[in-house]
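Participant: Here's a sequence, model it:
(one chain, ligands or ions: 2)
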Amino acid sequence: MTLPPTQLGLVFGGASGEHAVSIRSAATVLAGLRGGANAGRYGVSCFYIDEQGRWWPPAVAQRVLNGDPVPELSGAADPAGASLPAGFRGLPEGALEVEVWFPVLHGPNGEDGTIQGLFTLMQVPFVGSGVLGSAVGMDKQAMKAAFAAAGLPQVPYLSLDASELQADSEGLLKQIETSLGYPCFVKPANMGSSVGISKAGDRAALLAGLQVAAALDPRLVVEQAVRARELECAVLGVRQLRASVLGEIRFDADWYDYETKYSEGLSHMVIPADVPEALAEKARSMAIAACRAVAADGLSRVDFFYDDSSGELWINEINTLPGFTSQSMYPMLWQASGLPLEDLVHELVLGARESFAQRHHLRGATA
Ligand SMILES: Nc1ncnc2c1ncn2[C@@H]1O[C@H](COP(=O)(O)OP(=O)(O)O)[C@@H](O)[C@H]1O
Ligand SMILES: [Mg+2]
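Facilitator: Residues are numbered from 1 along each chain as shown. Ligands and ions are numbered 1, 2, ... in the order given. Okay, the predicted model is just below:
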């Protein structure tokens with residue numbers, strides 16, 4: 001007997017600076033869900049969230065994925081549509097039939113627990129971390145506090161609030177200079193893609209960097225700069241977490257800023273990373289510990305700084321919905337670890353069911 005295919009809802013785009021990357025990630029996930037043995041397992045409906053946060057049904061989503069013109073979005077097809085208010089105003093047609101949601105959204109309004117809250121309220125399984133893991137993983141202050149509590153090594157840092165800058169900028173600059181020194185990195189807590197991040201080599205650059213970051217987010221992080229290689233590890237699973245081979249990001253720039261990340265040819269990946277096996281093993285166990293520290297499950301990419309002269313390894317960050325384009329580290333690390341795209345996305349859907357059953361069971365037990 002063949003079972004009817006499971007109805008999946010692939011949701012992508014999003015009101016985030018990583019909107020365009022999300023569209024490319026969704027195209028890769030969709031190819032995986034429609035390829036190989038998955039073709040008979042899944043029926044996939046795509047849903048698009050535009051940059052204003054409005055949801056669009058499969059007919060529009062498919063055209064966005066194909067790169068075709070979509071007059072509805074600009075209001076050209078329907079003048080009334082142009083004045084649609086921004087934000088979520090209810091689910092589009094077809095969404096209530098979805099049995100498992102697959103969010104492929106990066107950054108704010110998608111990787112941060114907001115859409116995970118919606119799916120939780122709907123009581124429908126979804127791929128990836130729940131509200132807590134997504135929210136903690138997104139906010140660099142909360143993430144760092146969770147890593148520190150778990151005893152994970154991080155470069156020296158300070159968590160600050162923009163109001164401290166307004167109240168006593170002189171005092172704040174002195175505090176940063178005394179505890180971290182130069183050069184240091186200034187980061188808004190909730191952005192991604194290196195947006196709003198700057199490297200400061202002196203007091204003037206530090207003040208300017210703090211002002212730029214504070215304009216984006218009142219929650220700020222300042223870190224001591226390290227000279228280090230950048231390693232990444234992919235994690236997969238719910239109760240049983242598995243870590244991939246490591247990858248390294250190499251680039252011809254002082255640091256991995258927005259331009260270097262997204263300009264063709266300015267960076268490349270080395271998979272597997274050329275590091276001692278014992279170091280790779282240590283990074284893998286730290287990656288799993290990092291997922292547990294922030295309560296992430298399903299999928300995550302954990303990023304590290306590695307100083308190969310001292311052998312020191314620091315955790316930099318966790319991404320709970322990492323880039324998933326055909327050129328992205330996450331699917332490529334799994335490919336190199338023996339898990340091709342079709343198997344990877346199938347495991348992610350199975351994981352969605354597993355975490356749903358786990359949460360449901362726990363709720364039932366305490367009801
Ligand atoms: N403490 C640091 N020392 C050296 N380089 C850093 C440090 N913090 C950030 N960077 C550089 O900035 C990049 C972006 O920082 P990251 O914290 O990963 O932000 P995002 O979440 O936007 O990716 C890193 O990949 C690295 O190149
Ligand atoms: Mg990063």
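Participant: so which helix or strand takes in the residue of the chain found nearest ligand 1?
Facilitator: Residue nearest to ligand 1 within the chain: Y256 (3.2 Å; C-beta to the nearest ligand atom). Every residue, glycine included, has its C-beta placed from N, CA and C. Using DSSP states H and E, Y256 maps to neither a helix nor a strand.
Participant: Would you agree it is in contact with E232?
Facilitator: No: applying C-beta atoms under 8 Å, one finds Y256 not in contact with E232, separated by 11.0 Å.
Participant: What residues does this protein have near ligand 1?
Facilitator: Counting by C-beta under 6 Å from any ligand atom, the residues of the chain close to ligand 1 are 155, 185, 187, 191-194, 197, 223, 225-226, 230, 255-256, 303, 316-317.
Participant: Put the buried members of those into a PyMOL selection.
Facilitator: Buried residues among the residues of the chain next to ligand 1 (16 or more other C-beta atoms under 10 Å), as a PyMOL selection:
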select buried, resi 155+185+187+191+192+193+194+197+223+225+226+230+256+303+316+317
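Participant: so of the residues of the chain next to ligand 1, which ones are in strands?
Facilitator: Mapping the residues of the chain next to ligand 1 onto strands (DSSP state E) picks out F185, K187, E223, E230, D303, N316, E317.
Participant: My assumption is that L121 lies in a helix; please confirm.
Facilitator: Yes: under DSSP: H, G, I helix; E, B strand; the rest coil, L121 falls within a helix.
Participant: Run through the residues that contact it.
Facilitator: Listed by C-beta atoms under 8 Å, 6 or more residues apart in numbering, the contact set of L121 is empty.
Participant: Kindly report the domain assignment for this protein.
Facilitator: Here the chain is described, according to automatic domain parsing, as comprising the domains 6-117, 140-152+227-353, 157-224.
Participant: Span of the last one from start to end?
Facilitator: Distances were taken as C-alpha to C-alpha, to the nearest Å; on that basis the terminal residues of domain 157-224 are 6 Å apart.
Participant: now the helices for the stretch 101-250 of the chain?
Facilitator: 114-122, 131-138, 140-149, 162-167, 169-179, 203-216 (DSSP state H, counting those that start in this stretch).
Participant: Then the stretch 251-367 of the chain?
Facilitator: 258-262, 277-294, 329-336, 341-366.
Participant: Can you tell me which of those helices is most buried?
Facilitator: Of all the helices of the stretch 251-367 of the chain, helix 329-336 carries the top mean neighbour count, a mean of 22, counting by mean count of other C-beta atoms under 10 Å.
Participant: how about stretch 19-36: buried residues?
Facilitator: 19, 21-30, 32-33.
Participant: Could you do stretch 157-171 as well?
Facilitator: Y157, L158, S159, L160, A162, E164, L165.
Participant: separation between L172 and D217?
Facilitator: Separation of L172 from D217 (C-beta to C-beta, to the nearest Å) stands at 16 Å.
Participant: nope, P4 is what I was after
Facilitator: P4 is 45 Å from D217, by C-beta to C-beta.
Participant: Same check on Q154?
Facilitator: For Q154 relative to D217 (C-beta to C-beta), the value is 19 Å.
Participant: again with K282
Facilitator: Counting by C-beta to C-beta, the gap from K282 to D217 is 32 Å.
Participant: F88 now?
Facilitator: Distance from F88 to D217, by C-beta to C-beta: 22 Å.
Participant: okay, those two: which has more neighbours?
Facilitator: For F88 versus D217, neighbours defined as other C-beta atoms under 10 Å are more numerous around D217 (19 against 14).
Participant: Might you report the residue contacts of the more buried one?
Facilitator: D217 touches A162, P188, A189, N190, M191, G196, counting by C-beta under 8 Å, 6+ apart.
Participant: so which pair among those is furthest apart in space?
Facilitator: Taking C-beta to C-beta as the measure, the contacts of D217 span a maximum distance of 13.8 Å, between A162 and M191.
Participant: and F102, bridged to which residues?
Facilitator: For F102, the beta-bridge partners are L10 (DSSP bridges).
Participant: so what's it up against?
Facilitator: Taking C-beta under 8 Å, 6+ apart as the test, what F102 contacts is L8, G9, L10, V11, V29, L33, F126, V127, V345, L348, V349, A352.
Participant: what do you get for D161?
Facilitator: P218, R219, L220.
Participant: out of those, who has the most neighbours?
Facilitator: L220 (25 neighbours).
Participant: Pull the contacting residues for the closest residue to it other than its chain neighbours.
Facilitator: Spatially, and ignoring its direct neighbours in sequence, L220 is nearest to L160 (4.6 Å; C-beta to C-beta, 6 or more residues apart in numbering). Going by C-beta under 8 Å, 6+ apart, L160 touches L172, L210, L220, V221, V222.
Participant: please redo it, this time with the cut-off set to 10 Å
Facilitator: 141, 172, 175-176, 186, 189, 210, 213-214, 218-222 (C-beta atoms under 10 Å, 6 or more residues apart in numbering).
Participant: next one: Q166
Facilitator: L172, A214.
Participant: ditto for the one 3 residues further on
Facilitator: By C-beta under 10 Å, 6+ apart, the contact set of S169 is L206, L207, L210, Q211.
Participant: Quick check: pLDDT value at the last one.
Facilitator: Think Q211. Model confidence at Q211, expressed as pLDDT, equals 96.
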